[in-house]
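A.B. asks: What follows is a protein structure lacking sequence information:
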């Protein structure tokens, strides 16, 4: 991860940031006027000489500004805190940003990232994050875009954040990629912004990518949500947005939900687009197509690809479809159609906002279901998005659930461990990417946990591997967490994450009913637990409150049920 710093120092009545920058460095800063009487202002100087200046007149929301430092050397950024509020300042070199990332110079108390040394999950360098967007490999890097609000740890006007990696685990933060419209950027009123979407490579000789996203404007008539596209030639900055879908298809009695375009190449060679929506019965996934090789225009509605109405009138959102066991143009290839169900509730367990994976064959216009399963029984792997990389399909999700979001509390979040998608023995498996084993730094136990002792987990960033003597052999794994009662249980009912927060209400049951695994990998980190049973045949993810690690673990099982239990310290 890019390191964070906050090196402000008081110089008289002014705040000063000092940075040694290369020639041609670019500075991005967000400023806001403290009051209506005077504009916000930040000056850049070198050796006492002013070399640049940024200003902002908005007293309601931070304004973004860019400053190019022509000559290299020690640069001082100065502002008066009585007239100027600063949210974020970072610097980067355009020539080396993909290799080095941005250098964060300042963030505020309200948008600072959590202090989690040793954590191995992706988190933004500042501010709020939710859905992954445009996840894919472009120009030798894996790119992760994500829903982002830079100025606080709460959801607000949506931007797209951006990071790159070679191995899905070590990420370098890049400049904010996509900004909301000027109208939406004027106030911090949460009316909308650049919502979720996807990215595809440009066709022909021109380099770059094309991104698709939903623009949301609350109370806009006749459509609150429309689909836009933009091109990036440098893979770092999005160009002007253009409208591609101005309205919902008529005659379907859809609600205003119409979002999260996922664009992909189908078996018939055409670009297709999935869009999530809902009607009066439940969630629906719409499908569009275009013959345009650049996917820039000519989108036409085909029909409803899939519907889900078992959980009430819930919106299908963040749809994603991916070939699993063959080439996209092979008619025998099976595809996984994955989508979240906003506001859904499982009556059997009380779990909310479920994610469904439906597997079957897809001809470019129709989906023929063969089987269906829940993607994650812990429900905190939401807005899952995947692409086919060199070694096969891989995906990532937001490690959270909208039921945890509160206007009363800040909510720093993470992404899940990236996961492979495999079709094996009639089931979709989602194990962690192979590189996850490189996180193992030290084997800290291979006998005490097995003997029933409570084993100290250090900072809580660990992996536990349990091998059972027979499929479904029962055990309990108890964790000592500072804020919640937490455990993992396998019994005749299935595999459960036991989670009971002191909220005065009956908690959901996070259970993979009927699961009978033989091997389990349990990843613990500050703020999360992820369980992969039988190579991801059953996967469960739960966000944990706070950022204090789980302090210890204790395994309870009848003699002979557990063949081996090993525990590794993890770190990036």
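C.D. replies: That came in fine, so what should we check first? Bear in mind the structure is a predicted one, so any value in this text is a computation, not a measurement. Numbering: from 1, shown residues only.

A.B. asks: all contacts plus neighbour counts: C-alpha atoms, from now on.
C.D. replies: Fine.

A.B. asks: And what about the residue nearest to residue 203 when sequence neighbours are not counted, helix, strand or coil?
C.D. replies: Nearest non-adjacent residue to residue 203, counting by CA to CA, 6 or more residues apart in numbering: residue 294, 5.6 Å away. The local conformation at residue 294, judged by DSSP: H, G, I helix; E, B strand; the rest coil, is coil.

A.B. asks: Could you number the chain from 205 rather than 1 from now on?
C.D. replies: New numbering, starting at 205: the last item is residue 498.

A.B. asks: count of residues packed around residue 498?
C.D. replies: 15 (other CA atoms under 10 Å).

A.B. asks: Residue 459 now?
C.D. replies: Applying other CA under 10 Å, I find that residue 459 has 12 neighbouring residues.

A.B. asks: doesn't residue 275 make contact with residue 227?
C.D. replies: Yes - at 4.4 Å, residue 227 and residue 275 qualify as touching, with contact defined as CA atoms under 8 Å.

A.B. asks: okay, now the domains of the protein?
C.D. replies: 213-296, 313-325+332-633, 638-774 (automatic domain parsing).

A.B. asks: of these, which approaches residue 307 most closely?
C.D. replies: Judged by CA to CA, the one of these that comes nearest to residue 307 is domain 213-296, at 5.2 Å.

A.B. asks: Contacts only, for residue 314.
C.D. replies: 331, 355-357 (CA atoms under 8 Å, 6 or more residues apart in numbering).

A.B. asks: how about a markdown table for those, with neighbour count added?
C.D. replies: What follows is these, written out as a markdown table (neighbours: other CA atoms under 10 Å):
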| residue | neighbour count |
| --- | --- |
| 331 | 27 |
| 355 | 25 |
| 356 | 23 |
| 357 | 22 |
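
A.B. asks: Just flag the most distant two among these.
C.D. replies: Maximum distance among the contacts of residue 314 (CA to CA): 7.2 Å, for 355 and 357.

A.B. asks: Quick check: neighbours shared by those two?
C.D. replies: Common contacts of residue 355 and residue 357 (CA under 8 Å, 6+ apart): 314-315, 331-332.

A.B. asks: Any stretches of this structure with poor pLDDT?
C.D. replies: By pLDDT under 70, the low-scoring segments of the chain are 205-216, 409, 611-614, 706-709.

A.B. asks: before we move on, the earlier item: in strands, which of the shared contacts of residue 355 and residue 357 appear?
C.D. replies: residue 332 (DSSP state E).

A.B. asks: which stretches of this protein form helices?
C.D. replies: 301-304, 386-389 (DSSP state H).

A.B. asks: ranges for the strands of the stretch 255-404 of the chain?
C.D. replies: Ranges of strands in the stretch 255-404 of the chain, per DSSP state E, counting those that start in this stretch, are 267-273, 277-283, 288-296, 307-311, 332-342, 345-353, 363-369, 375-377, 396-405.

A.B. asks: With distance to residue 592 as added columns, please give those in TSV.
C.D. replies: Output for the strands of the stretch 255-404 of the chain, formatted as TSV (distance: least, CA to CA, whole Å):
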stretch	distance to residue 592
strand 267-273	35
strand 277-283	43
strand 288-296	30
strand 307-311	31
strand 332-342	8
strand 345-353	11
strand 363-369	16
strand 375-377	19
strand 396-405	12
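
A.B. asks: Just put those strands in a markdown table and tack on distance to residue 586 and mean neighbour count.
C.D. replies: Output for the strands of the stretch 255-404 of the chain, formatted as a markdown table (distance: least, CA to CA, whole Å; neighbours: other CA atoms under 10 Å):
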| stretch | distance to residue 586 | mean neighbour count |
| --- | --- | --- |
| strand 267-273 | 30 | 18 |
| strand 277-283 | 40 | 19 |
| strand 288-296 | 28 | 23 |
| strand 307-311 | 27 | 23 |
| strand 332-342 | 7 | 26 |
| strand 345-353 | 13 | 24 |
| strand 363-369 | 17 | 26 |
| strand 375-377 | 20 | 23 |
| strand 396-405 | 12 | 26 |
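
A.B. asks: So for residue 730, which of those sits nearest?
C.D. replies: Here strand 332-342 is closest among those (CA to CA), at 16.7 Å.

A.B. asks: Name the strands paired with that closest one and say parallel or antiparallel.
C.D. replies: With DSSP bridges as the test, strand 332-342 is paired with strand 345-353 (antiparallel).

A.B. asks: so residue 417 makes contact with residue 399?
C.D. replies: Yes - at 5.9 Å, residue 417 counts as touching residue 399 under the criterion of CA under 8 Å.

A.B. asks: Pull up the overlap in contacts between these two.
C.D. replies: Contact criterion CA under 8 Å, 6+ apart; residues bridging residue 417 and residue 399 by contacting each: 463-464.

A.B. asks: can you put the helices of the chain in JSON lines and add mean neighbour count?
C.D. replies: JSON lines is the format used below for those (neighbours: other CA under 10 Å):
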{"stretch": "helix 301-304", "mean neighbour count": "17"}
{"stretch": "helix 386-389", "mean neighbour count": "16"}
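
A.B. asks: and those helices as TSV, adding distance to residue 326?
C.D. replies: Formatted as TSV, the helices of the chain follow (distance: least, CA to CA, whole Å):
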stretch	distance to residue 326
helix 301-304	16
helix 386-389	26
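
A.B. asks: For the residue nearest to residue 759 when sequence neighbours are not counted, give its distance to residue 757.
C.D. replies: Excluding the flanking residues, the one nearest residue 759 by CA to CA, 6+ apart is residue 681, at 4.6 Å. Plainly put, residue 681 is 7 Å away from residue 757 if you go by CA to CA, to the nearest Å.

A.B. asks: which one of those two has more residues nearby?
C.D. replies: Using other CA under 10 Å as the criterion, residue 681 and residue 757 rank with residue 757 on top: 22 against 18.

A.B. asks: Can you give me every residue that contacts that one?
C.D. replies: 653, 658-661, 681-684.

A.B. asks: so can I have a markdown table of those residues showing distance to residue 769?
C.D. replies: Formatted as a markdown table, the contacts of residue 757 follow (distance: CA to CA, whole Å):
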| residue | distance to residue 769 |
| --- | --- |
| 653 | 6 |
| 658 | 13 |
| 659 | 12 |
| 660 | 14 |
| 661 | 14 |
| 681 | 11 |
| 682 | 14 |
| 683 | 15 |
| 684 | 18 |
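
A.B. asks: Brilliant, that's me finished.
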